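Colleague: here is a sequence together with a model predicted from it:
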Amino acid sequence: MANAREIQGRMKSIKDTMKITNAMYMVSSSKLQKAKRDLKNTEPYFFMIQDSLAKILDAAPEAGNAFFDKREGKQGRARTIGYLVITADKGLAGAYNHNVFKMAEELAATEEQDMLFVVGQMGRRYFEKKDIPIDIHFNYTAQNPTMNRARHIAKKLTQLFFEEKIDELYVIYTRMVNSMTVETASKKILPLKAEKIKMQDNSLVDRYDDASFMPDAGTVFNKIVPDYVTGFIYGALVESYCSEHNARMMAMQTATDSATTMLNDLSVEHNRARQAAITQEITEVVGGAKAKKK
């Protein structure tokens, strides 16, 4: 059994680690709440964009045909699938990054030809280490996602789709099911599905009755679509950011709970060691007294 001084050293080390895990928990909690507010504040804008697209399609169903094109004539190796993979910049978040990598590899393995786009340092390091080529490095930090970053990513990817360099585009990200659960998801954002573009606010229908589109509905639709895709990508970036900090909070809480359990066990062991040391000292004193008396 270790002596009392060694046990005290281990307890001090654990307490220092607990300070770090508690601090990381508080930082992630603060960033999570801020990201949730940012997403909630931007949702009305993208709902308005979706409402506008829905009304344009209602007035001119042929609008946006380029973005609804499923390109069914291209099959097998002629078809290129694009994957936008959103990861974190650092670890200490449980299985957050691992689950994203796993889904990306599983989906890419089913396709003969694909293009890979990555956001986040962990994703770039992982795929480079495995010699998996990355077609576009979006060298943005995964921290504090902004609209400008989402708009730049959306512009690049919609241009590739419009030029038929990719035929489908998926976003692989992590979404929050609730405050305790996160899950990795894959969402297809291009080509668009007309049935998915619906009015969110039916009170706006009457406002579009006398609307006119200049120069025509198709041009207006094609100009708005990149902003519509931006909404999807921004939402994915923010949800991944929220999920990362939620996963890190859970990991830090688990680490803190484990440290507390270890401290309790070491405290008991320390008391036993002290008691044994005291008992030994008493025995030695009594033995010395007896020897002196004899």
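Modeller: Ah, there it is. Numbers count the residues shown, from 1 in each chain.
Colleague: can you give me the strands for this structure?
Modeller: Ranges of strands in the chain, per DSSP state E, are 81-86, 114-119, 136-138, 168-176, 182-190.
Colleague: the second one to strand 81-86, inter-axis angle?
Modeller: What that stands for is strand 114-119. 20 degrees (axes from the mean of the first three to the mean of the last three Cα atoms, to 10 degrees).
Colleague: okay, now the sheet partners of strand 114-119, with direction.
Modeller: In the sheet, strand 114-119 lines up against strand 81-86 (parallel), strand 136-138 (parallel) (DSSP bridges).
Colleague: swap in the last one?
Modeller: Using DSSP bridges, the strands paired with strand 182-190 are strand 168-176 (antiparallel).
Colleague: so for the partner strand, what's the average pLDDT?
Modeller: Averaged over strand 168-176, pLDDT sits at 86.
Colleague: before we move on, what about stretch 105-115?
Modeller: Mean pLDDT, computed over stretch 105-115, is 75.
Colleague: which of the residues in that stretch are buried?
Modeller: 107-108, 114-115 (16 or more other Cβ atoms under 10 Å). Bear in mind the C-beta positions are built from the backbone N, C-alpha and C, glycine included.
Colleague: and those residues as JSON lines, adding distance to Glu163?
Modeller: Shown next, in JSON lines, are those (distance: Cβ to Cβ, whole Å):
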{"residue": "Leu107", "distance to Glu163": "23"}
{"residue": "Ala108", "distance to Glu163": "22"}
{"residue": "Asp114", "distance to Glu163": "17"}
{"residue": "Met115", "distance to Glu163": "12"}
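Colleague: so for the residue positioned nearest the centre of the chain, what's the pLDDT?
Modeller: In the chain, the centroid-proximal residue (Cα atoms, centre = their mean) is Ser240; its distance is 2.3 Å. Ser240 is assigned 85 on the pLDDT scale.
Colleague: residues of stretch 26-44 that come out buried?
Modeller: 28, 31-32, 35-36, 38-39, 42.
Colleague: now the stretch 151-294 of the chain, which segments are flagged as low pLDDT?
Modeller: Within the stretch 151-294 of the chain, the ranges that satisfy pLDDT under 70 run 179, 194-196, 199-213, 294.
Colleague: would you map the helices across it?
Modeller: 217-293 (DSSP state H, counting those that start in this stretch).
Colleague: hmm, back to that, among the strands of the chain, show me which one is buried the most.
Modeller: strand 81-86 (a mean of 24; mean count of other Cβ atoms under 10 Å).
Colleague: tell me the mean pLDDT over that one?
Modeller: 88.
Colleague: with adjacent residues omitted, what lies nearest to His270?
Modeller: In space, and not counting its chain neighbours, His270 is closest to Ile7: 4.4 Å by Cβ to Cβ, 6 or more residues apart in numbering.
Colleague: surely that neighbour touches Ala273?
Modeller: Yes - the criterion here is Cβ atoms under 8 Å, and Ile7 meets it with Ala273 at 6.0 Å.
Colleague: in a markdown table, list the buried residues of stretch 26-44 along with distance to Glu281 and pLDDT.
Modeller: Below are the buried residues of stretch 26-44 laid out as a markdown table (distance: Cβ to Cβ, whole Å; pLDDT from 0 to 100):
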| residue | distance to Glu281 | pLDDT |
| --- | --- | --- |
| Ser28 | 48 | 81 |
| Lys31 | 53 | 79 |
| Leu32 | 53 | 78 |
| Ala35 | 58 | 77 |
| Lys36 | 59 | 76 |
| Asp38 | 63 | 75 |
| Leu39 | 64 | 72 |
| Thr42 | 69 | 73 |
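Colleague: closest one of the residues you listed to Thr230?
Modeller: Thr42 (10.1 Å; Cβ to Cβ).
Colleague: list the contacts of that closest one.
Modeller: Listed by Cβ atoms under 8 Å, 6 or more residues apart in numbering, the contact partners of Thr42 are 147, 231, 234.
Colleague: what about the helices in the stretch 1-150 of the chain?
Modeller: Going by DSSP H, counting those that start in this stretch, the stretch 1-150 of the chain shows helices at 4-59, 65-68, 96-109, 121-129, 147-162.
Colleague: which stretch among those comes nearest Arg77?
Modeller: So among these, helix 96-109 is nearest, using Cβ to Cβ, at 14.4 Å.
Colleague: which elements pack onto the closest one?
Modeller: Where contact means 3 or more Cβ pairs under 8 Å, 6 or more residues apart in numbering; DSSP states H and E, helix 96-109 is packed against strand 81-86, strand 114-119, helix 121-129, strand 168-176, strand 182-190, helix 217-293.
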